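K.L.:
Just a sequence and a predicted model for now, questions to come.
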Amino acid sequence: MNVIAEAITADVLADDSRPACVVQPVVLAGGSGTRLWPLSREQCPKQLIGLTGEESLLEATLRRTLRLRAPTPDHPAPHVVRTQPTLVVCSQELRLPTKERLERCTSDSRVLLEPAPRNTAPALTVAALAARAAAPQGEDPVLVVMPADHLIADTDAFVATLQQAIQHALHDAIVTLGVPPERAETGYGYIKTGFPADGRGARTIERFVEKPAQETAEQYVASGEYWWNSGIFVMRASVWLAAIAACRPHIAVACQASYEQAKVDGDGTLHIDPAAFAGCPGESIDYAVMEHIGDDPRLTGVIVPLTAGWSDVGAWDAVWDVSAKDTEGNVTRGRVLLEGAKDTYAHSEGRLVACVGVTGVVVVETADAVLVAAKDRVQDVKAIVNRLNAAKDTEAKVHRKVERPWGCYDSLDHGERFQVKRIVVKPGGRLSLQMHHHRAEHWIVVRGTARVTRGDESFLLTENQSTYIPLGTLHRLENPGKTPLEIIEVQSGGYLGEDDIVRFDDQYGRTGT
């Protein structure tokens, strides 16, 4: 243990006065969740879906951040004098679905948009700059940084652990929450723990290690010295900014430049400058900084034990693990029938899934893809996604049913020079004013009332009425009613891709092609 760590440990053990601080929750919502394909996809990743219930993982994470400003009587936090609105970092592409989920559970949040994915170290760096700028003058906020796509079973225990971590962060340590391992797990990174850092189980950090092989993982668990890396961090903004500048100066410089040139739109969303951010190297928090703890005397790390039912639900075996099971160890969701199955996970999004005489199998059905995998091989699902991306197959990026801010569309059928979609527009929803270079469209109203703009015309259509939009014609569809509008759209033309849209006006802030 270095001299700085010894000093901090002594201070924490001796000081229970809990100095006041400003806390800034930061939620990193830029993950892709490829190992949870086909449910998780590039344009609708796992943080935006409900893996174990109706509520998305992002919404559940946001609700936990709200508990930081309303601690339980058993876990008071008198040292927290102010909690800043939660800062959610996500990509430009996921802006609208992310904001929609934020509005479902809290209005007390702010979105920071990355113009391009650069992993978690740059994301945290621009978040630290934004947090410091938003804090009261002279305050150095404590960042509570967590991924948007994890599960926590015991929120009270989680909040109490964060309060303990904040106390260490106030003494300028970089703090991570570590999970004492329940088994030899090869899907998680590990942290080797060092000396006790307080009287409540925290320890100093000796080193971070990558996901191990099975035999190594068993040795880690048997030693009692290694904990799972949860990916949850707590530190002062200034401590992180100094650490990233020391360890990865190129990231620090690029993030500082992109933040200084950032723009804020009407709803408070912070848009990081694309040109300055383009030169930022992509690297994770672990690689950029945390793996230097133990070697760099300027960095002091503390790991606080997290025993709150944590899971990163990073693959289908983890989803099975945290779900309620029947007497044979099976987990089912949707239209599923089992006969003689054991330790199986079966998920249906629509069609009936029947499993007979199988053990340790994962079956996930969606409208356009079916996954069947051995439960002990689900880490390899990522390889399937890589192959789909290499072949430019759309199943890696989008579902057949696609959410939009105005509603959704479902691609029912397609063939050479035609495509059929079912489009649902929410009450008050309004598609962009747009045109297409390569396709014409027929619209048939099957439910509700549509207001149609076609060139210089504007008119209403009701059930069983239809219209035709010629190629190259400016047009718009909107729902002026109080019930959902449903239409069938038949497209025809030489190219039917979603990138053949030229937008001239859009109330949701989407522009261009």
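P.N.:
Noted; the coordinates are in hand.
K.L.:
How about the contacts made by residue 508?
P.N.:
Residue 508 sits next to 96, 405, 406, 432 when contact means Cβ atoms under 8 Å, 6 or more residues apart in numbering. Just so you know, the C-beta spots here come from the backbone N, C-alpha and C atoms, and that holds for glycine as well.
K.L.:
What is the nearest of the residues you listed to residue 309?
P.N.:
The closest of these to residue 309 turns out to be residue 96 (Cβ to Cβ; 31.5 Å).
K.L.:
Hmm, the closest one is touching residue 402, no?
P.N.:
No - Residue 96 is beyond contact range of residue 402, at 11.7 Å (criterion: Cβ atoms under 8 Å).
K.L.:
circling back to that earlier point, can you tell me which of the contacts of residue 508 end up in strands?
P.N.:
Using DSSP state E, no member of these falls within strands.
K.L.:
Out of the residues you listed, which is nearest to residue 474?
P.N.:
Residue 474 lies nearest to residue 432 out of these, by Cβ to Cβ, at 10.7 Å.
K.L.:
which residues does that closest one contact?
P.N.:
476, 501, 503, 504, 505, 506, 507, 508, 510.
K.L.:
Quick check, pLDDT for the second one.
P.N.:
Reading off the per-residue confidence, residue 501 sits at a pLDDT of 93.
K.L.:
ok, now residue 512?
P.N.:
pLDDT, residue 512: 58.
K.L.:
can you check residue 464 too?
P.N.:
96.
K.L.:
what's around it, how many residues?
P.N.:
8 (other Cβ atoms under 10 Å).
K.L.:
That one in helix, strand or coil?
P.N.:
coil (DSSP: H, G, I helix; E, B strand; the rest coil).
K.L.:
ok, it to residue 368 distance?
P.N.:
Plainly put, residue 464 is 29 Å away from residue 368 if you go by Cβ to Cβ, to the nearest Å.
K.L.:
any idea of the mean pLDDT in stretch 225-244?
P.N.:
Averaging pLDDT along stretch 225-244 gives 96.
K.L.:
Quote the end-to-end distance of that stretch.
P.N.:
Across stretch 225-244, the terminal residues are separated by 27 Å (Cα to Cα, to the nearest Å).
K.L.:
Would you mind listing where the stretch 51-200 of the chain has pLDDT under the threshold?
P.N.:
In the predicted model of the stretch 51-200 of the chain, residues 69-81, 107 satisfy pLDDT under 70.
K.L.:
what are the ranges of the strands in it?
P.N.:
Along the stretch 51-200 of the chain, counting by DSSP state E, counting those that start in this stretch, strands occupy 80-83, 86-91, 109-114, 142-147, 151-152, 174-179, 190-196.
K.L.:
Ok, which of those comes nearest residue 231?
P.N.:
With Cβ to Cβ as the criterion, residue 231 lies closest to strand 142-147 of these, at 5.3 Å.
K.L.:
Domain map for this structure?
P.N.:
The record, using automatic domain parsing to delimit domains, assigns the chain the ranges 3-314, 320-385, 401-505.
K.L.:
nearest to residue 395, of the ones you listed?
P.N.:
Evaluated over these, closeness to residue 395 peaks at domain 320-385, with 5.2 Å, by Cβ to Cβ.
K.L.:
now the end-to-end length of the closest one.
P.N.:
21 Å.
K.L.:
Make 57 the first number, not 1, from now on.
P.N.:
All set: I'll call the first residue 57, so the last point we hit is now domain 376-441.
K.L.:
From the chain's centroid, how far away is it?
P.N.:
23 Å (Cα atoms, centre = their mean, to the nearest Å).
K.L.:
ditto for stretch 260-272
P.N.:
25 Å.
K.L.:
who's in contact with that stretch?
P.N.:
With Cβ under 8 Å, 6+ apart as the criterion, stretch 260-272 contacts 57, 61, 65, 232, 240, 242-251, 253, 276, 282, 285, 342, 346-347, 349-351, 356-359.
K.L.:
Buried among those residues? Need that as a selection in ChimeraX.
P.N.:
Entered in ChimeraX, the line below selects the buried ones among those, by 16 or more other Cβ atoms under 10 Å:
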select :57,61,65,232,240,244,245,246,247,248,249,250,253,276,282,285,342,346,347,349,350,356,357,358,359
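K.L.:
I appreciate the help and will end here.
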